[in-house]
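Visitor: Next one to model:
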Amino acid sequence: MKSFGARLQHAMGHFGPVCVGIDPHPGLLESWGLTADADGLEQFAEICVEAFDGRVALVKPQVAFFETYGSAGIAVLERTIEVLRASGTLVLADAKRGDIGSTMDAYAHAWLGDGPLGADAVTVSPYLGFGSLAPALDLAAANHRGVFVLAATSNPEGAQLQRVVTGDGRSIAQTMVDQAAAGNAGAEFGSVGVVIGATLTEAPDLSALNGPILMPGVGAQGGGPENVRDLVPESMLAAAIPTASREVLRAGPEVPALRDSLSELQETFAFLQK
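Guide: Now for the predicted structure:
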């Protein structure tokens with residue numbers, strides 16, 4: 001099997017460099033005429049799968065909105081991941097897991113293993129120390145999966161920690177990017193990505209990453225093409241993956257309208273692959 005980085009790079013070249021989220025927020029369920037329970041969740045997920053499967057480089061279910069319905073919600077998430085991956089659509093579980101030792105190892109096996117929640121990649125938080133991610137990084141490499149490390153997030157609170165400058169003169173966010181880059185050394189295109197908020201005013205130096213740059217905050221949150229250009233160096237634009245959820249999902253619940261909204265987003269960011 002090819003590495004996650006290679007498969008993602010191929011998908012981005014074919015479908016365009018866009019990730020679409022499946023975020024069954026209660027407000028969206030209501031606007032789609034669905035009930036805010038496990039039944040409404042399942043209908044929402046099924047519509048999203050029909051709309052996006054085989055049409056986008058990466059699909060990102062927001063795990064929290066499935067977890068809120070307990071075991072029934074997790075069962076919906078399992079089916080969503082299974083159907084998408086079975087057809088070859090890459091799935092990023094937006095779980096933002098981060099822990100130490102055997103607990104991190106268990107998270108890694110849950111999201112990057114061969115069990116019912118196994119996805120192509122998972123988001124992880126390095127703020128217990130980048131080294132704490134080793135179980136996820138190791139398993140991802142062994143299983144040809146990917147990991148997206150939170151580096152510079154767009155929430156205002158993030159700057160309190162991420163922009164702190166350490167003794168070596170680098171910000172903590174820059175340190176996370178640099179360590180992710182070390183994990184991609186020697187690869188044609190690495191499988192260790194970073195998360196950089198598209199609405200930031202400045203970003204760490206991404207020029208040496210050699211891996212994917214997930215950029216949430218596009219569309220409804222205010223991020224657009226110019227933000228991506230400002231944050232990502234020219235040499236790395238082809239690695240940028242703008243991601244939108246509400247911008248696309250608010251066009252639902254009709255499948256053709258969702259597909260049209262996705263196509264508009266893909267056209268907007270097609271320049272990244274040129």
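Visitor: Give me the phi and psi for the residue lying closest to Ala121 once chain neighbours are set aside.
Guide: Among residues not flanking Ala121 along the chain, Gly146 sits closest, at 3.4 Å (CB to CB, 6 or more residues apart in numbering). Yep, even glycine has a C-beta here, placed from its N, CA and C like the rest. Backbone geometry at Gly146, expressed as degrees, to the nearest 10, gives phi -130, psi 160.
Visitor: give me every residue that touches Gly146.
Guide: Phe4, Gly5, Leu8, Leu92, Asp120, Ala121, Val122, Ala140, Ser191, Val192, Gly193, Pro212 (CB atoms under 8 Å, 6 or more residues apart in numbering).
Visitor: how close does it sit to Arg97?
Guide: 14 Å (CB to CB, to the nearest Å).
Visitor: Residues that sit against both of these two, list them.
Guide: Common neighbours of Gly146 and Arg97 (CB under 8 Å, 6+ apart) are Val122.
Visitor: can you map out the helices along the stretch 101-250 of the chain?
Guide: Here the stretch 101-250 of the chain has its helices, by DSSP state H, counting those that start in this stretch, at 101-112, 134-142, 159-162, 172-183, 225-231, 246-249.
Visitor: and the fourth one, average pLDDT?
Guide: The one in question is helix 172-183. Helix 172-183 comes out with an average pLDDT of 98.
Visitor: Just the angle for that helix relative to helix 134-142, thanks.
Guide: 40 degrees (axes from the mean of the first three to the mean of the last three CA atoms, to 10 degrees).
Visitor: For helix 172-183, buried residues please.
Guide: Ile172, Ala173, Gln174, Thr175, Met176, Val177, Asp178, Gln179, Ala180, Ala181, Gly183 (16 or more other CB atoms under 10 Å).
Visitor: can you redo the residues you listed as CSV with distance to Met12?
Guide: CSV is the format used below for these (distance: CB to CB, whole Å):
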residue, distance to Met12
Ile172, 28
Ala173, 24
Gln174, 25
Thr175, 27
Met176, 23
Val177, 20
Asp178, 23
Gln179, 24
Ala180, 18
Ala181, 19
Gly183, 20
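Visitor: now stretch 121-131, how far from the centre of its chain.
Guide: 13 Å (CA atoms, centre = their mean, to the nearest Å).
Visitor: Run through who's touching that stretch.
Guide: So stretch 121-131 is in contact with 4, 8, 90-100, 111-112, 132-133, 136, 140, 145-151, 161, 175-176, 179, 191, 193, 195, 214, going by CB under 8 Å, 6+ apart.
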